[in-house]
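Chemist: how would this look folded up:
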Amino acid sequence: MEAATDPSVVKEALQTQHPSFAESDFHIDTVHTISHRHKDGIGCNVWYFVRAKQQDIHNIHQHIFIGKIKLSNGKNDVESGSGVNFSKSKNGVVINLPPDLSMVVTEFPRGPEMSHLPALFDSQFLIKLFNKHLDFPPNTTLVDIGTQLIKHVQGKQCTFCHILRFHDSQQRVIYSKSLRAKSSGERMFSIIQTLRRAPVCADGLIIIPQPLFFEPQLNAVFVQGLDGVNADNSLAAFDLDAAVTEIGAAIVGVHRCRLDNLPNRPAHYILSQVAKLKDLLGKQDASCLPRVAALAGKLSEKYSGLTHVSATPIHGAFRLSQLLLVGDRFALVDFDGFEFGNPISDVASFVVHLLYLSLKKDITTDQSLAAISRFCKSYEKNTPWGLPNDVLVWQTAAHLLGKQAKACVKQARHGHLKILDQLLDLAENILRGELSLI
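Modeler: Sure thing, here's the model as predicted:
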């Protein structure tokens with residue numbers, strides 16, 4: 001990792017060994033690491049921002065490269081094995097790093113819809129952007145901005161953390177989310193503004209980060225950073241029962257907000273996700289397909305007879321992992337999935353995540369069920385439309401299949417088949433009434 005994250009080492013290797021630079025008149029001006037992930041004994045992936053200038057011409061190109069180092073039995077393993085300059089693997093160009101590492105380098109496939117991404121790593125560009133949109137204190141000079149990639153969803157969105165550094169050694173943290181051109185970043189910015197002004201935030205039920213500005217050129221929303229930690233990674237830091245009671249009231253407040261111009265989520269949306277699970281299993285592992293098909297049939301049979309619940313603004317993927325623990329309060333940090341749909345789907349999404357935490361052994365089964373009961377009772381107490389049990393049961397079973405089980409199969413991590421069986425067991429028990437949620 002030391003060589004792979006050293007900008008001077010990577011800059012020299014790319015300039016002399018990558019044909020985009022070694023075989024052209026472009027000279028690399030800047031290289032910095034924007035993200036890295038590694039697994040002991042397996043290898044690492046490192047993301048680089050590269051800024052290059054064409055000699056004698058005021059022409060600047062920006063690139064995002066991904067470098068991959070694989071280890072096999074503790075040794076560097078590259079398909080070509082030759083280590084010769086410009087050698088190819090099936091996934092990119094092989095370059096050498098000292099002392100004896102080979103790394104496969106590919107340019108990030110951002111596509112035309114995300115062609116603006118490199119600008120979000122360019123300190124010079126960002127300094128101009130922030131000076132344009134933000135009012136800094138008098139005699140305060142922004143001298144540098146370091147950017148880290150937080151999350152990437154291929155072809156859809158990227159989330160970044162920008163650390164602003166000032167001449168007096170002060171720092172400020174700002175987050176941004178850039179969406180593909182067809183997505184509405186402006187709508188997301190409006191959602192954050194509305195939620196921050198709404199009673200759910202003003203009354204202290206939940207924290208909404210301060211929206212700073214929307215930049216159409218980047219289709220990016222910028223918000224003030226919060227000093228917090230992911231709630232689901234900090235379960236020992238708070239009282240889970242008290243927290244879910246508070247969160248149950250908070251999501252009611254979100255559902256009662258007036259948010260305009262939201263896309264409609266079809267009532268049958270979650271059934272379409274269950275159908276996708278069946279397709280995935282048909283292609284990967286058909287052993288569980290009969291159970292999934294039977295559950296899908298039961299969900300379809302019960303769908304038309306469910307108690308009607310009027311549509312409201314919904315988060316779309318509400319769970320503990322979408323919350324930050326800020327001191328002793330919780331903040332909502334993800335806003336791009338807001339739609340107009342059945343509010344009980346958010347309740348079910350949160351319940352399913354609490355069930356999943358027990359399967360992962362992050363909490364016990366008793367803790368999970370107690371937290372689910374308190375969350376649902378809090379929601380029911382604070383909402384004018386109540387919490388119909390038939391809808392809660394149906395939505396929870398459907399989300400176990402169409403969301404959690406589908407993600408489990410799609411990611412196919414070690415032990416996923418065991419988790420899949422447990423998720424199907426939960427869905428069956430809930431539909432049969434053998435597992436009460438309230």
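Chemist: how about Trp47, phi and psi?
Modeler: For Trp47, the backbone dihedrals (degrees, to the nearest 10) come out as phi -100, psi 130.
Chemist: so for it, what's the nearest residue that isn't a sequence neighbour?
Modeler: Of all residues beyond its chain neighbours, the one nearest Trp47 is Ser35 (4.2 Å), with distances taken as C-beta to C-beta, 6 or more residues apart in numbering. (Each C-beta comes from the backbone N, C-alpha and C, glycine too.)
Chemist: do Phe65 as well
Modeler: Tyr48 (4.6 Å).
Chemist: A strand includes the one you found, no?
Modeler: Yes - counting by DSSP: H, G, I helix; E, B strand; the rest coil, Tyr48 is found in a strand.
Chemist: wait, it touches His32, no?
Modeler: Yes - taking C-beta atoms under 8 Å as the definition, Tyr48 is a contact partner of His32 at 7.1 Å.
Chemist: picking that back up, separation between the residue nearest to Trp47 and His152?
Modeler: Noted for Ser35: a distance of 8 Å to His152, by C-beta to C-beta, to the nearest Å.
Chemist: surely Asp421 is in contact with Cys288?
Modeler: Yes - at 7.2 Å, Asp421 counts as touching Cys288 under the criterion of C-beta under 8 Å.
Chemist: compare the two (neighbour count), which wins?
Modeler: In terms of neighbours (other C-beta atoms under 10 Å), Cys288 is the more surrounded of Asp421 and Cys288; the figures are 19 against 14.
Chemist: assign the more buried one to helix, strand or coil.
Modeler: Quick answer, by three-state DSSP: Cys288 is helix.
Chemist: for it, what are its contacts?
Modeler: Leu281, Leu417, Leu420, Asp421, Leu424 (C-beta atoms under 8 Å, 6 or more residues apart in numbering).
Chemist: and the first one, backbone torsions?
Modeler: When you say that, I think you mean Leu281. phi -70, psi -30.
Chemist: can you count the residues close to it?
Modeler: With other C-beta under 10 Å as criterion, Leu281 counts 21.
Chemist: the last one now?
Modeler: Other residues within reach of Leu424 by the criterion other C-beta under 10 Å amount to 19.
Chemist: who's in contact with it?
Modeler: Applying C-beta under 8 Å, 6+ apart, the residues near Leu424 are Cys288, Arg291, Val292, Leu295, Leu400, Leu401, Ala405.
Chemist: in what helix or strand does the second one lie?
Modeler: For Arg291, the enclosing helix or strand under DSSP states H and E is helix 289-303.
Chemist: I'd guessed Leu280 sits against Lys406; true?
Modeler: Yes - with contact defined as C-beta under 8 Å, Leu280 reaches Lys406; the gap is 6.6 Å.
Chemist: low-confidence ranges in the protein?
Modeler: Across the chain, the ranges flagged by pLDDT under 70 are 72-91, 109-114, 154-155, 181-183, 285, 414.
Chemist: element containing the closest residue to Ala220 other than its chain neighbours?
Modeler: In space, and not counting its chain neighbours, Ala220 is closest to Ser178: 4.0 Å by C-beta to C-beta, 6+ apart. Following DSSP H and E, one finds Ser178 within strand 171-179.
Chemist: do the same with Leu126
Modeler: helix 123-133.
Chemist: helices or strands up against that helix?
Modeler: strand 142-153, strand 211-215 (3 or more C-beta pairs under 8 Å, 6 or more residues apart in numbering; DSSP states H and E).
Chemist: any idea how far the helix or strand just after the last one is from the middle of the chain?
Modeler: Toward the C-terminus, strand 211-215 is succeeded by strand 220-224 as the next helix or strand (DSSP H and E). Put simply, strand 220-224 sits 15 Å off its chain's centre (C-alpha atoms, centre = their mean, to the nearest Å).
Chemist: and what of stretch 10-23?
Modeler: 32 Å.
Chemist: spatially central residue for this structure, please.
Modeler: Lys151 (5.3 Å; C-alpha atoms, centre = their mean).
Chemist: how about that one: what's its closest non-neighbour residue?
Modeler: Per C-beta to C-beta, 6+ apart, closest to Lys151 is Thr159, 4.3 Å.
Chemist: ok so that neighbour is a helix residue?
Modeler: No - assignment of Thr159 by three-state DSSP gives strand, placing it outside any helix.
Chemist: Provide the partner residues of it in its beta bridges.
Modeler: Lys151, Lys177 (DSSP bridges).
Chemist: which residues touch it?
Modeler: Applying C-beta under 8 Å, 6+ apart, the residues near Thr159 are Leu149, Ile150, Lys151, His152, Tyr175, Ser176, Lys177.
Chemist: what helix or strand does Leu306 sit in?
Modeler: Assigned by DSSP H and E, Leu306 falls within no helix or strand.
Chemist: ditto for Ile372
Modeler: Per DSSP H and E: helix 365-382 holds Ile372.
Chemist: skip the chain neighbours and tell me the closest residue to Cys376.
Modeler: Nearest to Cys376 is Ile438, by C-beta to C-beta, 6+ apart, at 4.8 Å.
Chemist: neighbours around that neighbour, how many?
Modeler: Using other C-beta under 10 Å, Ile438 has 15 other residues around it.
Chemist: contact partners for it?
Modeler: Ile438 neighbours (C-beta under 8 Å, 6+ apart): Ser373, Cys376, Lys377, Glu380, Leu387, Asn389, Leu392.
Chemist: one more: Leu431?
Modeler: Leu431 neighbours (C-beta under 8 Å, 6+ apart): Leu295, Lys298, Leu299, Lys302, Val393, Trp394, Ala397.
Chemist: what's downstream of the helix holding Ile372, the next helix or strand?
Modeler: helix 389-399.
Chemist: same drill for Tyr48 and His32, tell me which one is more crowded.
Modeler: Under the criterion of other C-beta under 10 Å, the comparison of Tyr48 against His32 puts Tyr48 first, with 25 against 18.
Chemist: mind listing the helices for the stretch 201-350 of the chain?
Modeler: According to DSSP state H, counting those that start in this stretch, the stretch 201-350 of the chain carries its helices in the segments 240-255, 269-284, 289-303, 344-359.
Chemist: winner for burial among those helices?
Modeler: helix 344-359 (a mean of 24; mean count of other C-beta atoms under 10 Å).
Chemist: that helix versus helix 365-382: what angle between them?
Modeler: 160 degrees (axes from the mean of the first three to the mean of the last three C-alpha atoms, to 10 degrees).
Chemist: run the chain-centre distance for helix 344-359.
Modeler: Centre-to-centre, helix 344-359 and its host chain are 17 Å apart (C-alpha atoms, centre = their mean).
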